[in-house]
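Visitor: Generate a structure from the sequence data that follows.
(2 chains)
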Number of protein chains: 2
Amino acid sequence: MVELSLLNSRKNKLKFSIIVTLKKEVLDPQGKVVQNTLNNLGMGNLKDIRQGKYFEIEIDEIDQSLAEKKVTQMCEKLLVNLIIEDYKINKI
Amino acid sequence: MVELSLLNSRKNKLKFSIIVTLKKEVLDPQGKVVQNTLNNLGMGNLKDIRQGKYFEIEIDEIDQSLAEKKVTQMCEKLLVNLIIEDYKINKI
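Guide: Presented below is the predicted three-dimensional model:
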């Protein structure tokens, strides 16, 4: 029984990655600076570069769909500015 | 012939995503702040959260392996601090 509960507690952790990017129509000055710097370093055949944010979240939940819902909630409440940003959640 | 070259110029663009994360043994104060804030918002079953950077690069190159080499070079020269960060390159 003890072993079983240990096994369960290990399984409880679900890990998700969140990628937050600026919407296409939003200017990305930070990306532009990186692009210019790379051009100055001699890497000229760069068409476009856009910067975003990345999060890795470990959540204490057995049910994957429930966990996904919670992660979505986290995104919409804190991590993502829905007016100018998009986000993508992946199970890892 | 014109159409063919148009087709080629469209194919020239290769797109990569780069995920930059702090190495496991490096503290992530920014992630800790996000975690605390989420806890205060009532989302308590959060085990761990780590923040990273994300880049989307469009490069003007036909040969994929050559393009990948160039993206690696960009990472190591500018985008990633190899002492404290890891990176992952994906074709998208």
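Visitor: A:T72 - how many residues pack around it?
Guide: Using other CB atoms under 10 Å in any protein chain shown, the number of residues around A:T72 comes to 15. Backbone N, C-alpha and C define where each C-beta goes, glycine included.
Visitor: Spell out the secondary structure type for it.
Guide: helix (DSSP: H, G, I helix; E, B strand; the rest coil).
Visitor: residues contacting it?
Guide: Shown here is A:T72, whose contacts under the criterion CB atoms under 8 Å, 6 or more residues apart in numbering or on different chains are A:I89.
Visitor: The residue positioned nearest the centre of chain A: what's it in contact with?
Guide: In chain A, the residue lying closest to the centroid (CA atoms, centre = their mean) is A:I18, at 2.0 Å. A:I18 makes contact with A:Y54, A:F55, A:E56, A:I57, A:V71, A:C75, A:L79, A:Y87, A:K88, A:I89, A:N90, according to CB under 8 Å, 6+ apart.
Visitor: which one of these is nearest chain B?
Guide: Lowest distance from chain B to these (CB to the nearest CB) belongs to A:Y54, with 3.9 Å.
Visitor: A:E61 contacts A:N12, doesn't it?
Guide: Yes: at 6.8 Å, A:E61 counts as touching A:N12 under the criterion of CB atoms under 8 Å.
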